[in-house]
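>>> Build me a model:
(2 chains)
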There are 2 protein chains.
Amino acid sequence: MEIMKREIKDIEKRKFPKKISLKPIGIIHTRFKSLKGIPIQSSLSESNGTIEIFPEYQAGLKDLDGFSHMYCLYFFDMVKLPVPLISKPFLDNESRGVFAIRTPFRPNPLGLSILEVQGIKENLIHVKNVDILDNTPILDIKPYISEFDSIESYKIGWLKGKIEKRIS
Amino acid sequence: MEIMKREIKDIEKRKFPKKISLKPIGIIHTRFKSLKGIPIQSSLSESNGTIEIFPEYQAGLKDLDGFSHMYCLYFFDMVKLPVPLISKPFLDNESRGVFAIRTPFRPNPLGLSILEVQGIKENLIHVKNVDILDNTPILDIKPYISEFDSIESYKIGWLKGKIEKRIS
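Predicted coordinates:
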């Protein structure tokens, strides 16, 4: 059913939220059954996986199969809070600020991967480039669009010269 | 203080979460005071803004100034749930699945922008390419790394030939 009316809150009554509550829209099935051996980035993975979108959200998958790639946002449910704000990233020997590294151990343990869309059947998205633990809760999917999302990062900080090591 | 011990939950006791709770790590200050006139993508915006990271997370900003760009994950707090699963995107006249468009009106109203880091002073990140409503809650920041994040999307579905219109 198409609903065109977009509900927006009253901006005059807007109040900064102390807590934000989300509900998983799906679950990913991958061959990574433990935290060891997961590729450190989706672009460094050739692994396939399947995202099972819960039936109540299946209608939202319409047209996604037209895109070669998608962003997948998910929740690192294995992380215990609080996390250290400074720690050693996988690719370095020095400690770095958590917002300058890609560790799952983040104040809000949100994951972001760029996955190749291989096909969609009913509520299943078959994807490639998977770097995600089996049974991880999925929060959102957005189309990846080179024209918007492919930027030249002319400075890559502590990572300069270190992008070779591939597997965690 | 550096804490190296990473706390991981017991995978045997892992239980799929029905609800996920997050806490904003900061707030963004921008010139966009209403939903009208916000650029539809960060890459299409030249606007500056300032992300105020709450003091308890400031230590995590270490080393971020070494990167030219960062991902900013945020919460579209103006969205009322539930949202339509199919709706008309800004750049098209046909209705599309919510996971095939970039609308803020998503089952989990999570936003993702790629911002240029202009400088960091104490708990303030000065950024460019802002496409975010003033006072939006910030959830996470990750370094953007072309080597990982710049992909050639060889199929861009319904967007093909439509990436010209720039302002919402």
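
>>> The most centrally placed residue in chain A: which element?
If you average the C-alpha coordinates of chain A and look for the closest C-alpha using CA atoms, centre = their mean, you land on A:Leu112, 2.3 Å from that point. For A:Leu112, the enclosing helix or strand under DSSP states H and E is strand A:110-121.

>>> And the contacts of that strand?
Where contact means CB atoms under 8 Å, 6 or more residues apart in numbering or on different chains, the residues beyond strand A:110-121 that reach it are A:41-43, A:48-49, A:61, A:64-65, A:67-76, A:104, A:125-132, A:136, A:139, A:144, B:22, B:71, B:73, B:110, B:112, B:139-140, B:142, B:149, B:151. No exception for glycine: its C-beta is placed from N, CA and C like everyone else's.

>>> Now do that strand and strand B:110-121, the angle between them.
Between the axis of strand A:110-121 and that of strand B:110-121 there is an angle of 150 degrees, by axes from the mean of the first three to the mean of the last three CA atoms, to 10 degrees.

>>> still on that earlier bit, for the residue nearest to the centre of chain A, report the pLDDT, please.
Looking at A:Leu112, its pLDDT is 97.

>>> if I look at it, how far off is A:Ile145?
Between A:Leu112 and A:Ile145 the computed distance is 15 Å (CB to CB, to the nearest Å).

>>> Next up, the contacts around A:Met78.
Neighbouring residues of A:Met78 by CB under 8 Å, 6+ apart: A:Leu35, A:Pro104, A:Leu133, B:Ile8, B:Lys9, B:Ile11, B:Arg14.

>>> does the first one really touch B:Lys9, like I thought?
No. In this structure A:Leu35 lies outside contact range of B:Lys9 using CB atoms under 8 Å: 10.4 Å.

>>> The residue nearest to A:Val130 when sequence neighbours are not counted: what's it in contact with?
Take A:Val130 and drop its neighbours on the chain: the residue closest to it by CB to CB, 6 or more residues apart in numbering or on different chains is A:Gly49, 3.8 Å away. Contacts were defined as CB under 8 Å, 6+ apart; by that measure A:Gly49 touches A:Ile28, A:His29, A:Thr30, A:Arg31, A:Leu115, A:His126, A:Val127, A:Val130, A:Ile132.

>>> Against A:Val117, how distant is A:Gly49?
Distance of A:Gly49 to A:Val117, given as CB to CB: 12 Å.

>>> A:Phe105 now?
Taking CB to CB, one finds A:Phe105 at 29 Å from A:Val117.

>>> thinking again about what came up before, for A:Val83, see how far away the residue nearest to the centre of chain A is.
For A:Leu112, the distance to A:Val83 under the criterion CB to CB works out to 17 Å.

>>> And for A:Arg106?
When distances are taken as CB to CB, A:Arg106 and A:Val83 turn out to be 6 Å apart.
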